[in-house]
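*Asks:* Let me see the structure of the following:
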Amino acid sequence: MTLARLTRRATLASLGATLLSAPALAAAAKEDWKALAADVRSEFQWAWRGYVAKAWGKDEINPVSGTSRSFFIEGHDLGLSLVEALDTLWIMGLDEEFQAGVDWVKTSLDFDVDGEAQVFETNIRLVGGLISAHLACGDPVLLAKAKDLADRLMKAFEASPHGLPWRYVNLKTGAVRDPETNLAEIGTYITEFGVLGQLTGDKRYFDAAKRAMKHALDRRSNIGLMAANIDARTGAYISRSASIDVYADSFYEYLWDAWELFGDQDCKRWARECVDAQLAHQAKRYDGRLWFPMVDYETGAVLNTAQSELAAYYAGLLGQVGHKAEGDDYLASFTEMQATFGVIPESIDVATRQPRRKHTGLRPEYPDACLNLWLLDRDERYRQLAAIHYREMKATSRAAFGYTALKDITTRPMTQGDNCPGYWWSEQMKYYYLLFSDTPRIDYGQLQLSTEANVLRGFRKA
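*Replies:* Purely as a prediction, here's the structure:
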């Protein structure tokens, strides 16, 4: 490990205890934020060139071997990484690259495919990506393709008597599969569907998304929690686990997002009620650190002491709904994990502070939380924490043709895998750039991101 990385780790370790208190912040190295933003942009452009050369139009690049893989339908790619990258390219001012991607979408992307796509992933990645690209440049073809895809996904909602989408739908035939679903997969539509409804004048998208969320919310227990798993056929819960991360995370994000985007008072009330119940019955302390393990949704009894890295987003949500101190406290728990391991483990045993899994998937939730907390008060500490996160990613995940997930974070050097998930193009590089650049292409006061970091409000025209 280089001296620079050792220094970053030591700095982060000290910051983790106080989440960059004023003395720690004063002691931290002064950053040239514009220079750091330029570095993020340069790295993104370099990775994009690798994608263009080795995986153009494919779902995901394998950046070590220079090969590619399908994500939705094996053997039939839908340009996932390309669509995910579009609004990031635009925000970074990579206009030639952006236009090349738009041209590919207009000439080559067709959803009339006899194959099953996961409804949730298709919405947040492709519908959202197309909408944000349309909002960036105004091209009506992008909106038409987003609407075409959303209409195909609506078949999954219509198959349930309760309006709860089945997990998979055949994009051509509308046939559905797998009704045993979860909160995230029934409740992560209202932002994309709501904006689509605004752009097309068709309210049925928003109404379908809100109906699915309300069904689950109406079945909260006496202590205000929901079980994570639900059956689209019966509308009943099929587990007892209340979760803020796996199986549930974006459900809670979208309640607050629907309030901020559309002024929906129901969603604002639901968001605050859910967070209040989670703070009352899921928040637990282990050696002084705040965590939110899975609990029984009716009793609040802890079911296990696992916490996914995905849950880091919740630090930002806590701040957004008015619990800033708790948000800082929770972010500090993940800051300590990064200080300890360099890269936050995919899954953590919060009782022992040890990784439950050695691999990790280029996860973006920590800088997501840093951005959401920074947007509240522009405190430099969140930028500093995100800068350390960026440099660790750059040091560990840079491969021959782009950035890759890691196979083992416990080895030194860390062992690389061979895949760049599609969300990398939409999420953490955008979070870093928004934090560091103060780009004039975004109105930060109006900025609204989806769970996949697609910009649904806040573009300024170049």
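
*Asks:* Please name the nearest non-neighbouring residue to Leu196.
*Replies:* Nearest non-adjacent residue to Leu196, counting by Cβ to Cβ, 6 or more residues apart in numbering: Tyr205, 5.1 Å away. The way it works is simple: take the backbone N, C-alpha and C, and place the C-beta from them, glycine included.

*Asks:* Is the one you found within a helix or a strand, and which one?
*Replies:* Using DSSP states H and E, Tyr205 sits in helix 204-217.

*Asks:* what's the model's confidence in that helix, averaged?
*Replies:* The average of the pLDDT scores along helix 204-217 is 98.

*Asks:* ok so, going back, hang on, the residue nearest to Leu196 packs against Gly194?
*Replies:* Yes: contact criterion Cβ atoms under 8 Å: Tyr205 and Gly194 qualify, at 6.9 Å.

*Asks:* So between the two, which is more surrounded?
*Replies:* Neighbours per residue (other Cβ atoms under 10 Å) separate Tyr205 from Gly194, with Tyr205 holding more: 26 against 23.

*Asks:* So the nearest residue to Lys394 once chain neighbours are set aside, which state does it fall into?
*Replies:* Nearest residue to Lys394, sequence neighbours excluded (Cβ to Cβ, 6+ apart): Glu43, at 6.7 Å. Using DSSP: H, G, I helix; E, B strand; the rest coil, the structure places Glu43 in helix.

*Asks:* burial count for Glu43?
*Replies:* Glu43: 18 surrounding residues under other Cβ under 10 Å.

*Asks:* again, but for Arg233
*Replies:* For Arg233, using other Cβ under 10 Å, the count is 14.

*Asks:* for Asp296, same thing?
*Replies:* Quick note: Asp296 (other Cβ under 10 Å) scores 18 neighbours.

*Asks:* what do you get for the one 3 residues further on?
*Replies:* Other residues within reach of Thr299, judged by other Cβ under 10 Å, total 15.

*Asks:* Can you show me the strands along the stretch 351-462 of the chain?
*Replies:* Taking DSSP state E, counting those that start in this stretch as the criterion, the stretch 351-462 of the chain carries its strands at 354-355, 398-399, 402-403, 406-408, 415-416, 448-449, 455-457.

*Asks:* Can you lay out those strands as TSV showing mean pLDDT, distance to Thr439 and mean neighbour count?
*Replies:* Listed next are the strands of the stretch 351-462 of the chain as TSV, based on pLDDT from 0 to 100; distance: least, Cβ to Cβ, whole Å; neighbours: other Cβ atoms under 10 Å:
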stretch	mean pLDDT	distance to Thr439	mean neighbour count
strand 354-355	96	35	18
strand 398-399	98	23	18
strand 402-403	98	21	27
strand 406-408	98	29	18
strand 415-416	98	30	16
strand 448-449	98	14	20
strand 455-457	98	11	22
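
*Asks:* TSV for these, including distance to Cys274?
*Replies:* Conversion of the strands of the stretch 351-462 of the chain to TSV gives the following (distance: least, Cβ to Cβ, whole Å):
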stretch	distance to Cys274
strand 354-355	29
strand 398-399	39
strand 402-403	34
strand 406-408	33
strand 415-416	38
strand 448-449	20
strand 455-457	21
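
*Asks:* Among the ones you listed, which comes closest to Arg381?
*Replies:* strand 448-449 (20.6 Å; Cβ to Cβ).

*Asks:* and the closest one, what does it pack onto?
*Replies:* Applying 3 or more Cβ pairs under 8 Å, 6 or more residues apart in numbering; DSSP states H and E, we find strand 448-449 packed against helix 249-262, strand 455-457.

*Asks:* out of those, nearest to Ala301?
*Replies:* Nearest of those (Cβ to Cβ): helix 249-262, 20.7 Å.

*Asks:* Quick one: mean pLDDT for the next helix-or-strand element following the helix holding Tyr205?
*Replies:* Sequence-wise, the next helix or strand downstream of helix 204-217 (DSSP H and E) is strand 229-231. Per-region confidence: strand 229-231 scores 98 on mean pLDDT.

*Asks:* Just give me how far strand 229-231 sits from the chain centre.
*Replies:* Relative to its parent chain, strand 229-231 has a centroid offset of 22 Å by Cα atoms, centre = their mean, to the nearest Å.

*Asks:* and after it, which helix or strand comes next?
*Replies:* strand 241-242.

*Asks:* so where is the protein shaky, pLDDT-wise?
*Replies:* Along the chain, the parts satisfying pLDDT under 70 run over 1-29, 462.

*Asks:* at 90 what do you get?
*Replies:* Applying pLDDT under 90 to the chain flags the ranges 1-30, 461-462.

*Asks:* if we can go back for a sec, can I get the helices and strands packed on strand 448-449 in CSV with distance to Tyr313?
*Replies:* Below are the helices and strands packed on strand 448-449 laid out as CSV (distance: least, Cβ to Cβ, whole Å):
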stretch, distance to Tyr313
helix 249-262, 6
strand 455-457, 17
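
*Asks:* so which of those comes closest to Phe334?
*Replies:* Going by Cβ to Cβ, the one of the helices and strands packed on strand 448-449 nearest Phe334 is helix 249-262, 14.0 Å.

*Asks:* Quick one: distance of the helix or strand just after the closest one to the chain centre.
*Replies:* The C-terminal neighbour of helix 249-262 among helices and strands, as given by DSSP H and E, is helix 265-281. Helix 265-281 has its C-alpha centroid displaced from the chain centroid by 20 Å (Cα atoms, centre = their mean).

*Asks:* Give me the sheet partners of whichever helix or strand comes after helix 265-281 and which way each runs.
*Replies:* Toward the C-terminus, helix 265-281 is succeeded by strand 284-286 as the next helix or strand (DSSP H and E). Strand 284-286 sits in its sheet next to strand 289-291 (antiparallel), going by DSSP bridges.

*Asks:* Run through the neighbouring helices and strands of the next helix or strand after the strand it pairs with.
*Replies:* Next helix or strand after strand 289-291 toward the C-terminus (DSSP H and E): strand 295-296. Under the contact definition 3+ Cβ pairs under 8 Å, 6+ apart, strand 295-296 sits against strand 241-242.

*Asks:* for the strand it packs on, packing partners?
*Replies:* Looks like strand 241-242 contacts strand 295-296 (3+ Cβ pairs under 8 Å, 6+ apart).

*Asks:* mind listing the helices for the stretch 51-200 of the chain?
*Replies:* For the stretch 51-200 of the chain, applying DSSP state H, counting those that start in this stretch gives helices covering 80-91, 95-108, 119-122, 128-137, 140-158, 183-186, 190-200.

*Asks:* How far does the longest one sit from its chain's centre?
*Replies:* When distances are taken as Cα atoms, centre = their mean, helix 140-158 is centred 21 Å away from the chain's centroid.

*Asks:* for the last one, same thing?
*Replies:* Remark: helix 190-200 is offset 19 Å from the chain centroid, using Cα atoms, centre = their mean.
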